[in-house]
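A.B. asks: Got a predicted model here, sequence first, then my questions.
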Amino acid sequence: MSMNSEGRVTRPEISAETTAAAEAPATFTGNRALMLEEALIFERDDYARTGVDIAEAPAAANRLGGLERHRAIGLPGLPEPEAVRHYTRLSRQNYAIDLGLFPLGSCTMKHNPRLNEKMARLPGFADIHPLAPVDTVQGALAVIDELAHWLVTLTGMHAVAMSPKAGAHGELCGLLAIRAAHDAAGSDRSVILVPESAHGTNPATAAFCGYKVENIPATADGRVDLDALTARLGPDVAGVMITNPNTCGLFERDMKRISDAVHAAGGYVYCDGANFNAIVGRVRPGDLGIDAMHINLHKTFSTPHGGGGPGSGPVVLSEALSPYAPLPFVAKQGDGSFKLIEEETAGEDHPGSFGRMAAFNGQMGMFTRALTYILSHGADGLRQVAEDAVLNANYVLRSLDGLLDAPFGASGPCMHEALFSDDGLAPGFTTLDIAKGLIDEGFHPMTMYFPLVVHGAMLIEPTETEGKATLDQFVGALRSVAERAKAGDAALKAAPAMAPRRRLDETAAARKPVLVWKDEPLPEAAE
Ligand SMILES: *Cc1c(COP(=O)(O)O)cnc(C)c1O
């Protein structure tokens, strides 16, 4: 018998009968309690019932010259209440940060204060057009400029490129600046070094920029191997891409030494700043010798992501890389007004720019949300964001002591995320079973099988917005599922039992997604 933190019995003793009883019965409709099954809108298509009453088109001469359509246009038709229900039912199948804890490591899924949304919806920000004359949008440019100032100050860097539209886009911006700097110096360095534990976007970005990617191994304590890195530096290395705090949830203590060694060898240091959340207000990357770093506004500064909205990845730059920053950008003039430095004016003001990252100036809505978040926290509040994020992650880490293996747990506290491995689960039980068990417990699973340097990795990032009661409930659920995986509870292998679908063929879904509806049977899944 197990009880939750409120003392309510939530799971009877596990036995063959209770396991059988835990299997949810099949229903006539396929619905599960008030969670309704939903067909594709094309399958529900019933054009004749849309209720839209359009008069017969008047006869007119056909001037389409044989190009007229002979079949229905293929748009689904439903009466309005059915259309509303369709999308509302689908939305209920979505898990969201507004429903509960979202423990995805590396993603920083935290609460989005409603004040941010209110500010972003002010007509003066929401209803302007990117081509509006500059003298009519001075307030919006002031927001971009003020946010830029905060980002430069918080990171201790020299300048910031605001236009990149996501973290990966920011990585591209940083590497293009590094390449432009090497080009300007007449050097054709061809290699970017990336640690084994890097987020997949890092090597992808380097390869996309035309660089060869070489891995640097990790040490036994989960950090970049400084000796291996310095040994590999040389005249062919354009730079390194290092995440700090890294994707094992650890601070790279040797960062300054890494930067010094890379600079001495003529390279540049790109820092993946997606985890800035953990150090904002406490560490300035500029002091660590970083040349370029993207900031995920949609992680560190709360703006919605993960299906909730677009990303935004401004890139802070060192003095050495600033001359190559992309266009356009906002510049404050002597009289306090703002202008945009565009291609036409860049000749005099900014001749070294490598070009343009985006059509316009970046994600205005995200800028407004991030600045609201920053101003409502203030400098001291931002520091507390980092401290609470780290405290919460360590609370999770230590709460699983003795139950789940924490590969770097012995080397001291973690930063903003706690990392576990599948070591010690019963034979045949894996990280996937724990993730599926958490779904039955009402929690979105953690990040799994990443970073790759840890076997069966489970990466949990609670973020600073979760309170102790929520964390205790999550920890209770995770402990219960982990105990079942260690005891070899066969029912866990069949989890989730309560979700609308059981275990899907996730490989087939990823490798052979069926994204276009055709009025014919699906292809055979198995192969
Ligand atoms: C999220 C993330 C990225 C990519 O950011 P996007 O905005 O999703 O493109 C890169 N590196 C790390 C460590 C991340 O967590």
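C.D. replies: Structure received.

A.B. asks: In contact with P164, which residues?
C.D. replies: Neighbouring residues of P164 by C-beta atoms under 8 Å, 6 or more residues apart in numbering: G170, L172, C173, H294, S312, G313, P314, V315, P326, M357, A358, G362. (C-beta placed from N, C-alpha, C; glycine too.)

A.B. asks: Out of those, which is nearest to L403?
C.D. replies: L403 lies nearest to H294 out of the contacts of P164, by C-beta to C-beta, at 35.8 Å.

A.B. asks: secondary structure element for the residue nearest to that closest one when sequence neighbours are not counted?
C.D. replies: Residue nearest to H294 in three dimensions, not counting chain neighbours: G170, with 2.7 Å by C-beta to C-beta, 6 or more residues apart in numbering. According to DSSP states H and E, G170 maps onto helix 167-184.

A.B. asks: try V262
C.D. replies: Taking DSSP H and E as the definition, V262 sits inside helix 255-264.

A.B. asks: where does this protein dip in pLDDT?
C.D. replies: Per-residue confidence of the chain (counting by pLDDT under 70) places the weak regions at 1-24, 306-309, 520-527.

A.B. asks: tell me the domain ranges of it?
C.D. replies: Domain ranges of the chain: 115-127+134-372, 383-511, per automatic domain parsing.

A.B. asks: out of those domains, nearest to the ligand?
C.D. replies: Of all the domains of the chain, domain 115-127+134-372 sits nearest to the ligand, with 2.2 Å by C-beta to the nearest ligand atom.

A.B. asks: quick one: is that closest one near the ligand?
C.D. replies: Yes - contact of domain 115-127+134-372 with the ligand (C-beta under 6 Å from any ligand atom) involves 166-168, 199, 201, 243, 247, 272, 274-275, 296, 311, 313.

A.B. asks: Which residue comes closest to G437 once chain neighbours are left out?
C.D. replies: Per C-beta to C-beta, 6+ apart, closest to G437 is V481, 3.7 Å.

A.B. asks: Show the contacting residues for that neighbour.
C.D. replies: I434, G437, L438, E441, L492 are the contacts of V481 under C-beta under 8 Å, 6+ apart.

A.B. asks: Could you look up the next helix or strand downstream of the host helix or strand of it?
C.D. replies: Assigned by DSSP H and E, V481 belongs to helix 468-487. Heading C-terminal from helix 468-487, the first helix or strand you meet, by DSSP H and E, is helix 490-493.

A.B. asks: Tell me, how many residues neighbour the nearest residue to E146 once chain neighbours are set aside?
C.D. replies: Spatially, and ignoring its direct neighbours in sequence, E146 is nearest to L371 (6.2 Å; C-beta to C-beta, 6+ apart). Neighbourhood size, L371 [other C-beta atoms under 10 Å]: 24.

A.B. asks: and L371, that one's in a helix?
C.D. replies: Yes - per DSSP: H, G, I helix; E, B strand; the rest coil, L371 lies within a helix segment.

A.B. asks: And what about Y87, helix, strand or coil?
C.D. replies: helix.

A.B. asks: burial of it, as a residue count?
C.D. replies: A count of nearby residues for Y87, using other C-beta under 10 Å, gives 11.

A.B. asks: ok, now S353?
C.D. replies: 22.

A.B. asks: so the nearest residue to it once chain neighbours are set aside bridges to which residues?
C.D. replies: Spatial nearest neighbour of S353, excluding adjacent residues (C-beta to C-beta, 6+ apart): L327 at 5.1 Å. For L327, the beta-bridge partners are R356 (DSSP bridges).

A.B. asks: in stretch 475-485, what's buried?
C.D. replies: With burial defined by 16 or more other C-beta atoms under 10 Å, the residues of stretch 475-485 counted as buried are V475, G476, A477, L478, S480, V481, A482, R484, A485.

A.B. asks: Using CSV, write out every CA atom in that stretch.
C.D. replies: Extracted in CSV, the C-alpha atoms of stretch 475-485 (Å, rounded to 0.1, in the frame of the first residue of the first chain):
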residue,chain,number,x,y,z
VAL,A,475,9.9,12.9,-6.0
GLY,A,476,7.3,10.6,-4.3
ALA,A,477,6.1,9.5,-7.8
LEU,A,478,9.6,9.1,-9.1
ARG,A,479,10.7,7.1,-6.1
SER,A,480,7.7,4.8,-6.4
VAL,A,481,8.3,4.2,-10.1
ALA,A,482,12.1,3.7,-9.4
GLU,A,483,11.3,1.2,-6.7
ARG,A,484,9.1,-0.8,-9.1
ALA,A,485,11.8,-0.8,-11.7
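
A.B. asks: Pull the distance from that stretch to the chain's centre.
C.D. replies: 26 Å (C-alpha atoms, centre = their mean, to the nearest Å).

A.B. asks: For E461, grab phi and psi.
C.D. replies: phi -120, psi 100 (degrees, to the nearest 10).

A.B. asks: Hmm, H305 is touching A274, no?
C.D. replies: No - assessed by C-beta atoms under 8 Å, H305 is found out of contact with A274, at 11.0 Å.

A.B. asks: who has more neighbours, the two?
C.D. replies: Shown here are H305 and A274; by other C-beta under 10 Å, A274 has more neighbours (27 against 22).

A.B. asks: Leaving aside the residues adjacent along the chain, what's closest to N116?
C.D. replies: N116's closest residue in space is R369 (C-beta to C-beta, 6+ apart), at 3.9 Å.

A.B. asks: That neighbour and E483: what is the separation?
C.D. replies: Distance, R369 to E483, using C-beta to C-beta, to the nearest Å: 40 Å.

A.B. asks: and if you look at A509?
C.D. replies: Where E483 is concerned, A509 sits at a distance of 30 Å (C-beta to C-beta).

A.B. asks: quick one: the strands in the stretch 101-250 of the chain?
C.D. replies: For the stretch 101-250 of the chain, the strands defined by DSSP state E, counting those that start in this stretch occupy 159-161, 191-195, 212-216, 237-243.

A.B. asks: Name the residues that touch the shortest one?
C.D. replies: Counting by C-beta under 8 Å, 6+ apart, strand 159-161 makes contact with 148, 151-152, 170, 173, 177, 314-317, 322, 325-326, 329, 357, all of which sit outside it.

A.B. asks: same thing but at 6 Å, please
C.D. replies: Contact with strand 159-161 is made by A148, L151, V152, C173, P314, V315, V316, L317, S322, A325, P326, as judged by C-beta atoms under 6 Å, 6 or more residues apart in numbering.

A.B. asks: Neighbour count and distance to M448 added to those, as a markdown table?
C.D. replies: Converted to a markdown table, the contacts of strand 159-161 look like this (neighbours: other C-beta atoms under 10 Å; distance: C-beta to C-beta, whole Å):
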| residue | neighbour count | distance to M448 |
| --- | --- | --- |
| A148 | 21 | 36 |
| L151 | 26 | 32 |
| V152 | 17 | 36 |
| C173 | 27 | 30 |
| P314 | 30 | 30 |
| V315 | 32 | 29 |
| V316 | 31 | 31 |
| L317 | 26 | 34 |
| S322 | 20 | 39 |
| A325 | 26 | 37 |
| P326 | 22 | 35 |
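
A.B. asks: Give me the residue at the spatial middle of the chain.
C.D. replies: Among the residues of the chain, the one closest to the centroid is C107, at 4.2 Å (C-alpha atoms, centre = their mean).
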